Every structure is written in structure tokens, then in C-alpha cells.
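Participant: Attaching a predicted model along with its sequence, questions to come.
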Amino acid sequence: MHDAVEIREGGLDHPAVIRLLQEHLQSMHLHSPPESIHALDLDALRGPDISLWTAWQDQELLGCGALKQLDTAHGELKSMRTASSYLRKGVASLLLRHLLEEARQRSYHRLSLETGSMEAFAPARRLYASFGFEACEPFADYIDDPNSVFMTRAL
């Protein structure tokens, strides 16, 4: 990515963002049993406890990621997705750095996430581990599930 990337808050009404989030949900249904899908739909992402950011290069959407406030000291990463044509080009790392900084600005002490245990999610697990996330027990309303991997890191 040689041109400047702009990270914007919001965008849930933009057609490209809606398409990317629909693709995200479809992918979750492809790789996970229904009872193990924790991805949020558009309505859930509009909740007062959730903020979404999108990454853009010129007018092209590169990816998105969200933060959900679990309590005043604990946040959760949600809806991390890179557009297919930008996979493995640093978009997820760029968004993750932004989300970590946002979590720090919100004075969170901890940031956690849930991702899949299947092979399709291995790149995501490697990315999170490279940013200091470590395996943990289920948090918030999650329950132990062999199809889920829970990760967390202190901020």
C-alpha cells in the first residue's frame, strides 16, 4: 500500500461497508457452525456500545474493525475484516494498531477477542498473537466452545 490510507470512524450506511460486512457474515457461516458464529450484523454494530472504523485508499474500502465496550476498563475487538483484494497487504495490522490506540485513549486496561479455531482463522490468530494477544478463557457472555479461540492482552 503505497498511497495514504485514511481511517474513518463510522460508515455503516456506506454501500461498500455494508457489502464488506455482509461478506464477513457469509464467511463466518461458511467456516463456522451456526451456534459458534459471534459476528455482528449491521443492526448490532449500530449499538451504543460499539464503534466501527474503516480503512480507505482513495475511494476504495480496504477493511474494517470495531470496538465494543464491555465495561469501562475492558473492550472487545469485533468485525475485523479485510477486503479480499487487500489480504496480506498490511490492512489488518494498520486497523489493529488504530483499534489498540483507540482502546488506550478510552482508558481500557484490557482488550479481548473471539475468533474461530478452524484453519481458515489461522492467519487471524497469527496476526493477533503478533500484537501480543494470548489465549484466555471465555469472557463477557461467551461460553467455552471448541470452535472458538479467545484471546486477550493488557493495554
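Facilitator: Looks like it arrived, so ask away. Numbers count the residues shown, from 1 in each chain.
Participant: Please, which helix or strand holds the nearest residue to Lys78 once chain neighbours are set aside?
Facilitator: Taking C-beta to C-beta, 6 or more residues apart in numbering as the measure, Lys78 lies nearest to Ala66, with 4.2 Å between them; neighbours along the chain are not counted. All C-beta spots, glycine's among them, are computed from the backbone N, C-alpha and C. Assessed by DSSP states H and E, Ala66 sits inside strand 60-71.
Participant: nearest spatial neighbour of the residue nearest the centre of the chain, skipping sequence neighbours?
Facilitator: For the chain, the residue nearest the mean C-alpha position is Met80 (2.5 Å; C-alpha atoms, centre = their mean). By the measure of C-beta to C-beta, 6+ apart, the closest residue to Met80 outside its immediate chain neighbours is Gly65, 4.5 Å from it.
Participant: Pull the number of nearby residues for that neighbour.
Facilitator: 24 (other C-beta atoms under 10 Å).
Participant: contacting residues around it?
Facilitator: Shown here is Gly65, whose contacts under the criterion C-beta atoms under 8 Å, 6 or more residues apart in numbering are 52-53, 77-81, 92, 95-96, 98-99.
Participant: So which bits of stretch 18-36 are buried?
Facilitator: Taking 16 or more other C-beta atoms under 10 Å as the neighbour-count basis, stretch 18-36 is seen to contain the buried residues 20-21, 24-25, 27-28, 32, 36.
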